[in-house]
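Undergrad: missing the sequence, but the structure's below:
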């Protein structure tokens, strides 16, 4: 299983040309083992739509339902373990609570996190893919 950061999930589902080809290939190769998305990513997508920074051809709830229905996609709830882990990330991590929860989700699940986020990619305490 791999965990998709919010922007990777959106780009992957929408077939965005901004998603590097090696990322798209990696996601496709990992699909059989499962693709995980944190529930906080649903909130982030809805907030981006609310703020006008993201737009879809369908209503946001419909997009979320379709995106969560993609083959291999699994929604990961915010468990007490993930919530606590997000507050105890080792080393230095930036203050974005959504990123903290997504990184904690990958750590608790023991799965690679797929992200283009430079700050997360510089964090030594999370396994990354590709």
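TA: Received it, and whenever you're ready, just let me know what you need. Since the structure is predicted, the reported quantities are computational estimates derived from the model, not experimental observations. Numbering: from 1, shown residues only.

Undergrad: okay, now the unreliable bits of this structure?
TA: Applying pLDDT under 70 to the chain flags no residue at all.

Undergrad: center of it, which residue is that?
TA: Closest residue to the average C-alpha location of the chain: residue 5 at 2.2 Å, with CA atoms, centre = their mean.

Undergrad: look up how far residue 90 lies from residue 19.
TA: Distance, residue 19 to residue 90, using CB to CB, to the nearest Å: 29 Å. (C-beta placed from N, C-alpha, C; glycine too.)

Undergrad: between those two, which one's more packed in?
TA: residue 19 (19 against 10; other CB atoms under 10 Å).

Undergrad: what helix or strand is the residue lying closest to that one once chain neighbours are set aside on?
TA: Nearest non-adjacent residue to residue 19, counting by CB to CB, 6 or more residues apart in numbering: residue 11, 4.0 Å away. Element membership for residue 11, per DSSP states H and E: helix 6-14.

Undergrad: against which helices or strands is that helix packed?
TA: With contacts taken as 3 or more CB pairs under 8 Å, 6 or more residues apart in numbering; DSSP states H and E, helix 6-14 sits against helix 21-30, helix 39-50, helix 60-68.

Undergrad: on that earlier part again, tally of neighbours for the residue nearest to residue 19?
TA: Neighbours around residue 11, by other CB under 10 Å: 20.

Undergrad: measure it to residue 67 for me?
TA: Distance from residue 11 to residue 67, by CB to CB: 11 Å.

Undergrad: just residue 49 next, same as before
TA: As judged by CB to CB, residue 49 and residue 67 stand 13 Å apart.

Undergrad: mind checking which of these two has more residues around it?
TA: residue 67 (20 against 17).

Undergrad: mind listing what's buried in stretch 68-88?
TA: Buried residues in stretch 68-88, defined by neighbour count with 16 or more other CB atoms under 10 Å: 73, 76, 82, 85-86.
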